[in-house]
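**Q** below: sequence and its predicted model.
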Amino acid sequence: MKEKPLVTRSGFLRLVDKLHYLKHVVRPGVIEELQEARAFGVNIYNSQYMLAREKHRLLERKIQELEEKISHSEILVGCRFYVRRVFIGTVVDLENVDTGEVNRYTIVGPLESDVSNGKLASNSPVGSAILGKFEGDVVKVKTPSGTRIYRIVAIENLDP
């Protein structure tokens with residue numbers, strides 16, 4: 001049986017908001033475009049119609065993919081920590097031992113990953129290496145750009 005991807009409560013709400021936006025804001029505009037283009041004839045020579053139809057098809061595919069992600073994900077609803085451990089929903093300060101650079105990441109499920117905004121997927125090389133670890137632990141991670149050594153400086157609970 002395939003494991004359901006975990007998603008934080010805020011990540012789930014973002015997915016639902018995006019789905020609502022696509023269905024109730026973007027879709028009506030695309031359908032209107034399609035109807036206007038259809039007025040000039042439904043054939044391969046009507047490029048406006050062909051473009052509008054393709055835009056509609058891509059939008060419907062995106063909506064369907066989002067609906068599947070939402071329905072197949074498992075929402076992580078807060079957890080209390082008696083021992084500070086890295087898990088989905090925690091904020092982790094990681095120090096690159098070689099450079100001394102410290103970065104702050106929120107550990108999230110694979111559907112929410114956005115490293116440029118500080119959201120590290122739990123199934124990424126670094127994310128999976130630090131899951132279950134404690135403050136002060138040192139981990140060696142094989143990344144696409146080579147082996148890195150990180151020290152977990154601090155762990156905070158995202159949802160107190």
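**A** Now that the structure is in, tell me what you want to look at. These numbers come from a predicted model, not from an experiment.
**Q** show me where pLDDT drops low in this protein?
**A** In the predicted model of the chain, residues 1-3, 76-83, 158-160 satisfy pLDDT under 70.
**Q** domain map for it?
**A** 7-76, 90-157 (automatic domain parsing).
**Q** as TSV, these with distance to residue 84 would be great.
**A** Glycine gets a C-beta too; all of them are placed from N, C-alpha and C. Below are the domains of the chain laid out as TSV (distance: least, Cβ to Cβ, whole Å):
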stretch	distance to residue 84
domain 7-76	17
domain 90-157	4
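**Q** in JSON lines: those, plus mean neighbour count.
**A** JSON lines is the format used below for the domains of the chain (neighbours: other Cβ atoms under 10 Å):
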{"stretch": "domain 7-76", "mean neighbour count": "14"}
{"stretch": "domain 90-157", "mean neighbour count": "16"}
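**Q** what residues are up against the nearest residue to residue 119 once chain neighbours are set aside?
**A** Leaving aside its chain neighbours, residue 119 sits nearest to residue 108 (4.8 Å; criterion: Cβ to Cβ, 6 or more residues apart in numbering). Neighbouring residues of residue 108 by Cβ atoms under 8 Å, 6 or more residues apart in numbering: 7-8, 11, 88-89, 119-122.
**Q** from those residues, which is closest to residue 143?
**A** Using Cβ to Cβ, residue 120 comes nearest to residue 143 of the contacts of residue 108, at 12.1 Å.
**Q** just give the nearest non-adjacent residue to the closest one, would you?
**A** Nearest one to residue 120, counting by Cβ to Cβ, 6+ apart, is residue 105 at 4.0 Å.
**Q** tell me the secondary structure for the residue nearest the centre of the chain?
**A** The C-alpha lying nearest the average C-alpha coordinate of the chain belongs to residue 112 (Cα atoms, centre = their mean; 1.6 Å). Classification of residue 112 using DSSP: H, G, I helix; E, B strand; the rest coil returns coil.
**Q** state the phi and psi torsions of residue 12.
**A** phi -60, psi -40 (degrees, to the nearest 10).
**Q** give me the nearest residue to it, chain neighbours excluded.
**A** With Cβ to Cβ, 6+ apart, the residue lying closest to residue 12 is residue 75, at 5.0 Å.
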